[in-house]
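Undergrad: Below is the sequence, then the predicted model.
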Amino acid sequence: MVRAERQAGASWRKTACGLLLAALTGMSPLAAGQDAAAAQGEATLDILTWGGAYERAQRRALFEPFTEATGIPVRVHRYNGGLKELRQAAKEGSIPWDLIDMSRSEAKNACASQLLEPIAPEILHASPQGEPARRDFIHGALNRCAITHSVFATVVAYRRDAFPGRRPTEIDDLFNQQDFPGPRALQRGPAVNLEWALLSYGVPEEEIYRLLSTRRGLSLAFKRLDNLDSIHWWEAGDTPVELLAEDRVVMASGFNGRFFDAMVNRDLPIEILWDGQVQEHEVWAIPRGARESEQARQFIGFATSTERQTALAELIPYGPSRRSATIQVANHPDHGVDMRLHIPTHPLNAEHALTKDDEWYANSHERIDEYFRQALMTEGTSELP
């Protein structure tokens, strides 16, 4: 009896702590309760993800339902992508995360470096119609150390009021400052920027990575970027939205879901340019040495189910990796917006899409990153946000 009363008292205190945290921070009571439980030292699932509108959608569609279904609290950590944090943690011999939300190209690189655990497809659920996971997931979704959960796109968005007459319609317009003057914001890194630079020359999509494998191709791409005036280089996913919102740039590269959130939830006067969008797989990966690797596998099975993928895509428009989920996506639960029209894989948006060659990046990232770093050091017109 005494033990039961103590447990009840501890549970009450945890609930009260969670409700107070929710009131003070504005987060949902369930999310606050999860963080309070984590603070109590209970077994938690530590997930490294991207923050912002994306994390808010994940909490609602994935993290909170997972805790409700299993009783396992989720504690969220944030980063801006890349493998720097993972490499450092592995070097120190202490892995603080059980699961990482990362791009497939980085997952392949990390897997080759033995930084990730293998993931067996057997942990994945069949579709509601009984279709085996291996047949329901899109091509390339099931990898040795990673499972694709979404397809996102890096796109260009622009302020509608910056160009009251002619509007940008092609990726070439990103580099056309004569007809579309004003500062640009680009992600600090070679990926997507190099592809767009070559596309602006008229290089066919199927030739992009062959040409980027040559010094001539890299020279052409860097020359195009160097000709842009006043580039604001960004790293955090929310930065390009804020730069557009503050009217500090007229065009910005960024993730299609962040721009959608800004248009729908903040009513910002921006528009997405789908031409030249670069699609990429986003995956779940388990770092080698994770404390709760079995819970991480349980979460992957849950979060990649048809129901959960559909729920996520109806909150933020990233394409599901399951065919059974894609056909179920409907309207945003709060705004009634037809989410199918905003997903990068929709035929209307994907007509001139480029799929990022993550094998190419996995094999050449160090050389390309160094070229890009050297180019930034010698480029004199760029600015930091």
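TA: Sure thing, it's come through. Numbers count the residues shown, from 1 in each chain.

Undergrad: Residue 75 in helix, strand or coil?
TA: Secondary structure state of residue 75, per DSSP: H, G, I helix; E, B strand; the rest coil, is strand.

Undergrad: And for it, the neighbour number?
TA: 17 (other Cβ atoms under 10 Å). For glycine as for every other residue, the C-beta is placed from the backbone atoms N, C-alpha and C.

Undergrad: I'd say it and residue 43 touch.
TA: No. With contacts counted by Cβ atoms under 8 Å, residue 75 stays clear of residue 43, the gap being 10.6 Å.

Undergrad: where does residue 281 fall, helix, sheet strand or coil?
TA: Going by three-state DSSP: residue 281 is strand.

Undergrad: Hmm, it is touching residue 141, no?
TA: Yes. When contacts are counted by Cβ under 8 Å, residue 281 is listed as touching residue 141 (6.8 Å).

Undergrad: Flag the shaky bits of this structure, pLDDT-wise.
TA: 1-42, 377-385 (pLDDT under 70).

Undergrad: Can you pull the domain assignment for it?
TA: 2-150+282-333, 152-281+340-378 (automatic domain parsing).

Undergrad: Now find how far off-centre the longest one is within its chain.
TA: Domain 2-150+282-333 sits 13 Å away from the centroid of its parent chain (Cα atoms, centre = their mean, to the nearest Å).

Undergrad: Quick check on residue 101: phi, psi?
TA: phi -90, psi 110 (degrees, to the nearest 10).

Undergrad: Skipping adjacent residues, who's closest to it in space?
TA: What sits nearest to residue 101 in space, not counting adjacent residues and going by Cβ to Cβ, 6 or more residues apart in numbering, is residue 49, at 4.2 Å.

Undergrad: hey, what's the one you found bridged with?
TA: Beta bridges link residue 49 to residue 78, judged by DSSP bridges.

Undergrad: so where do the strands sit in the stretch 201-350 of the chain?
TA: In the stretch 201-350 of the chain, the strands defined using DSSP state E, counting those that start in this stretch lie at 231-234, 251-255, 270-285, 319-320.

Undergrad: Which residue comes closest to residue 90 once chain neighbours are left out?
TA: residue 115 (5.6 Å).

Undergrad: quick one, phi psi at the one you found?
TA: Residue torsions, per degrees, to the nearest 10, at residue 115 are phi -100, psi -10.

Undergrad: That one contacts residue 83, doesn't it?
TA: Yes. The pair residue 115 / residue 83 is scored as a contact, 7.3 Å apart, by Cβ under 8 Å.

Undergrad: what about these two, which has more around it?
TA: Between residue 115 and residue 83, counting by other Cβ under 10 Å, residue 115 is the more crowded of the two (22 against 17).

Undergrad: What separation is there between that one and residue 224?
TA: Separation of residue 115 from residue 224 (Cβ to Cβ, to the nearest Å): 34 Å.

Undergrad: What of residue 188?
TA: 17 Å.

Undergrad: repeat for residue 76
TA: 38 Å.

Undergrad: which residue packs closest to residue 271, ignoring adjacent ones?
TA: residue 160 (5.4 Å).

Undergrad: isn't that neighbour right up against residue 268?
TA: No. With contact defined as Cβ under 8 Å, residue 160 does not count as touching residue 268 (9.4 Å).

Undergrad: May I ask which helix or strand encompasses residue 164?
TA: Using DSSP states H and E, residue 164 sits in no helix or strand.

Undergrad: can you count the residues close to it?
TA: Neighbours around residue 164, by other Cβ under 10 Å: 7.

Undergrad: Run through the residues that contact residue 356.
TA: 105, 191, 192, 195, 278, 279, 280 (Cβ atoms under 8 Å, 6 or more residues apart in numbering).

Undergrad: which among those residues gets closest to residue 344?
TA: residue 279 (5.7 Å; Cβ to Cβ).

Undergrad: before we move on, the earlier item: and for residue 281 and residue 141, which residues touch both?
TA: Shared contacts of residue 281 and residue 141 (Cβ under 8 Å, 6+ apart): 148, 321.

Undergrad: Span of stretch 252-270 from start to end?
TA: 10 Å (Cα to Cα, to the nearest Å).

Undergrad: what comes up buried for it?
TA: In terms of neighbour count (16 or more other Cβ atoms under 10 Å), stretch 252-270 has its buried residues at 252-264, 268, 270.

Undergrad: Please apply the same query to stretch 94-104.
TA: Quick answer for stretch 94-104 (16+ other Cβ under 10 Å): 95, 97, 98, 99, 100, 101, 102, 103, 104.

Undergrad: Now do the contacts for the nearest residue to residue 283 once chain neighbours are set aside.
TA: Once flanking residues are discounted, residue 283 sits nearest to residue 146: 3.8 Å by Cβ to Cβ, 6+ apart. Residue 146 makes contact with 102, 104, 107, 108, 111, 116, 119, 283, 284, 285 under the criterion Cβ under 8 Å, 6+ apart.

Undergrad: Pick out the most distant pair among those residues.
TA: Between all members of those, the farthest pair (by Cβ to Cβ) comes out as 108 and 284, at 13.8 Å.

Undergrad: Dump the strands of the stretch 201-350 of the chain to CSV, plus distance to residue 313.
TA: As requested, the strands of the stretch 201-350 of the chain are arranged in CSV below (distance: least, Cβ to Cβ, whole Å):
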stretch, distance to residue 313
strand 231-234, 25
strand 251-255, 14
strand 270-285, 12
strand 319-320, 5
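
Undergrad: Looking at those, which is nearest to residue 151?
TA: So among the strands of the stretch 201-350 of the chain, strand 319-320 is nearest, using Cβ to Cβ, at 3.9 Å.

Undergrad: name the helices or strands packed onto the closest one?
TA: strand 147-159, helix 306-313 (3 or more Cβ pairs under 8 Å, 6 or more residues apart in numbering; DSSP states H and E).

Undergrad: That strand pairs with which strands?
TA: strand 147-159 (antiparallel).

Undergrad: so after the strand it pairs with, what's the next helix or strand?
TA: Criterion used, DSSP H and E; the element after strand 147-159 is strand 184-187.
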